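Visitor: Requesting a structural model of the entry that follows:
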Amino acid sequence: MQGGTFIVTGGAGFIGSRLVRRLLEKGCKVIVIDNFHTGSISNLNEVLDKVKIVEGRSRKISELKEEVSGVFHLGIYSSSPMYRKNPRLVSEIVEDAIAILEYCKEAGCPLVYASTSSLYNGNPLPYREDMPVFVTDYYTEARYYLERLSELYRNMHGVRSTGLRLFSVYGENEIPKGKYANMVSQFIWYMLKGEAPVIYGDGSQTRDFIYVEDVVDAFLVSMHSEKDGIFNVGTGIETSFNQVFNRIKEVLGSGLEPKYVPCPIKNYVYRTKADTTKAETQLGFKARTSLEDGIRKLISYYKEKIDKLPLGE
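Guide: Sure, this is the predicted structure:
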């Protein structure tokens, strides 16, 4: 993948900013659309002179006149509590999705967008793409709307789109997300500050944790693949919160212990694990970074930003 012009909605966010950097490294021109809700211009400080920034919601894509090679749509509110606080976000997601799909239809370009593994809640492990979808809250409804609209535009207008059901993504550039950041980052933040991280329940709950640069690989591969549709982006490995804590503790040489509290969340998900067969066989995508290596990279990164860690929010 060399050259071309790409739009990245949510390009100042956690995953989007890493994607922007990788596109620039490949000689691409990049247009970022972001409302800076959980993203930050600071995530792009080193490349600001190389990208075009459009501030606002993703639907601003309709104002762009540039010819583009493809659209990456990551400008989506990415945490269930955001929707519980403001259910009207669902309508924003739908409006933005239609604007993006209309743009891709007129431009004749492909779309790769972020979906979520939360749509599998209630299914047995490991989660496969052909399993039924369970809408359990506003967040999953919004994401499922996006998938259905994309399929509709594919069938009606020939818009090629790929939805990536992301599992638990962790990595650099999560500081602006604060309390909405992945648990791996939050554990590291607390422990670097010498504070005990909070774990709901007994810590036996699991997630399929995947490093952000592997997720970026999945987006890049999907953009130029002949295959489209829905794909899992995970590692196929379950890891408990206790295991994550202990690995961080070992790397830091910390004597801290977690604080266990009752889980306050309704419909809390206790286990996730991706079946990665479809992504491996059809996209040729397989995560490369082990959790141990990812944790070491992340600890090294956040040690240099210890004064900016968002605790106590």
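
Visitor: what comes into contact with the helix or strand of the chain with the lowest mean pLDDT?
Guide: Lowest on mean pLDDT, DSSP states H and E among the helices and strands of the chain sits helix 80-85, with a mean of 86. Contact with helix 80-85 is made by Tyr77, Leu89, Val90, Ser118, Asp137, Tyr138, Tyr139, Thr140, Ala142, Tyr180, as judged by Cβ atoms under 8 Å, 6 or more residues apart in numbering. (C-beta placed from N, C-alpha, C; glycine too.)

Visitor: what does stretch 23-32 give?
Guide: 1-9, 11-12, 16, 20, 44, 47, 50-54, 64, 66, 68-69, 220.

Visitor: Then stretch 232-240?
Guide: By Cβ under 8 Å, 6+ apart, the residues outside stretch 232-240 that reach it are 117, 125-129, 164-168, 203-210, 214-215, 218, 271-276, 278-279, 285, 287, 291.

Visitor: Just the endpoints, please. Distance across that stretch?
Guide: Its first and final residues considered, stretch 232-240 spans 20 Å by Cα to Cα, to the nearest Å.

Visitor: which ones among the contacts of stretch 23-32 are found in helices?
Guide: Gly16, Val20, Leu220 (DSSP state H).

Visitor: What about those, which one has the most neighbours?
Guide: With neighbours defined as other Cβ atoms under 10 Å, the most crowded of the ones in helices among the contacts of stretch 23-32 is Val20; it has 29 neighbours.

Visitor: the strands in this structure, which residues?
Guide: 5-9, 29-34, 51-55, 70-73, 111-116, 161-166, 168-170, 198-200, 206-207, 209-211, 229-233, 239-240, 259-261 (DSSP state E).

Visitor: closest to Asp307 out of those?
Guide: Nearest of the strands of the chain to Asp307, taken as Cβ to Cβ: strand 168-170 at 21.1 Å.

Visitor: coming back round to it: from the ones in helices among the contacts of stretch 23-32, which is closest to Gln186?
Guide: Of the ones in helices among the contacts of stretch 23-32, the one sitting nearest to Gln186 (Cβ to Cβ) turns out to be Gly16, at 19.9 Å.

Visitor: re earlier: now the strands of the chain in a markdown table, please, with extra columns for distance to Tyr103.
Guide: Compiled in a markdown table, those are given as follows (distance: least, Cβ to Cβ, whole Å):
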| stretch | distance to Tyr103 |
| --- | --- |
| strand 5-9 | 8 |
| strand 29-34 | 11 |
| strand 51-55 | 13 |
| strand 70-73 | 7 |
| strand 111-116 | 9 |
| strand 161-166 | 12 |
| strand 168-170 | 26 |
| strand 198-200 | 40 |
| strand 206-207 | 34 |
| strand 209-211 | 29 |
| strand 229-233 | 20 |
| strand 239-240 | 38 |
| strand 259-261 | 45 |
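
Visitor: Now tabulate the ones you listed in TSV and tack on mean neighbour count and distance to Leu149.
Guide: Shown next, in TSV, are these (neighbours: other Cβ atoms under 10 Å; distance: least, Cβ to Cβ, whole Å):
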stretch	mean neighbour count	distance to Leu149
strand 5-9	25	15
strand 29-34	24	18
strand 51-55	16	22
strand 70-73	26	11
strand 111-116	25	10
strand 161-166	24	9
strand 168-170	22	23
strand 198-200	17	33
strand 206-207	22	28
strand 209-211	26	25
strand 229-233	23	13
strand 239-240	16	33
strand 259-261	12	39
